[in-house]
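Visitor: following is a predicted model, sequence given first.
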Amino acid sequence: QVQLVESGGGLVQAGGSLRLSCTTSGRAFSKYGMGWFRQTPGKSREFLAAINWSDEETHYADSVKVRFTISRDNAKNTVYLQMDGLKPEDTAVYYCAADTSEVRRSPLLFLYDAWGQGTQVTVSS
């Protein structure tokens with residue numbers, strides 16, 4: 001069972017930045033497709049960004065593609081989400097997810113089967 005642990009959330013003022021990290025326990029992390037999502041109370045989980053094995057392909061939601069950047073460090077079994085220009089509407093619980101099938105796919109086609117517990121991001125106005 002692959003475990004994912006997010007960190008880096010917190011309280012930040014509008015216009016500020018945060019970098020979220022997600023570290024996994026999987027031995028084959030370099031072959032996992034990785035993604036970030038967020039959720040606010042009463043709403044469904046929203047896709048934000050995804051990255052394939054070797055950084056060669058990423059995909060972003062239109063709402064964040066200019067402000068957020070996904071990256072990964074396979075040596076550290078970690079995926080990151082750099083968030084700049086944060087807005088109060090970015091306030092949410094942020095989750096990382098993994099496609100652990102070890103099948104090389106476009107980030108648009110990831111089948112997420114492992115999730116972290118989430119980290120809270122609060123942006124004050």
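Guide: Thanks, I have the structure now. Numbers count the residues shown, from 1 in each chain.
Visitor: contact partners for the residue nearest the centre of the chain?
Guide: Against the mean C-alpha coordinate of the chain, by CA atoms, centre = their mean, the closest residue is Trp36 at 2.4 Å. Neighbouring residues of Trp36 by CB atoms under 8 Å, 6 or more residues apart in numbering: 20, 22, 48-50, 68, 70, 79, 81, 94-97. Any C-beta I mention is one placed from the backbone N, CA and C, and that applies to glycine too.
Visitor: show me which pair in these is furthest apart.
Guide: Farthest apart among the contacts of Trp36 by CB to CB are Phe68 and Ala97. That separation is 15.3 Å.
Visitor: before we move on, the earlier item: of the contacts of Trp36, select the buried ones using a ChimeraX command.
Guide: To isolate the buried ones among those in ChimeraX, judged by 16 or more other CB atoms under 10 Å, type:
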select :20,22,48,49,50,68,70,79,81,94,95,96,97
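Visitor: element containing the nearest residue to Trp115 once chain neighbours are set aside, please.
Guide: Sequence neighbours aside, Ala97 is the residue nearest to Trp115 in space, at 5.0 Å (criterion: CB to CB, 6 or more residues apart in numbering). Secondary structure assignment for Ala97, by DSSP states H and E: strand 92-99.
Visitor: give the next helix or strand downstream of that strand.
Guide: Assigned by DSSP H and E, the successor of strand 92-99 is strand 114-115.
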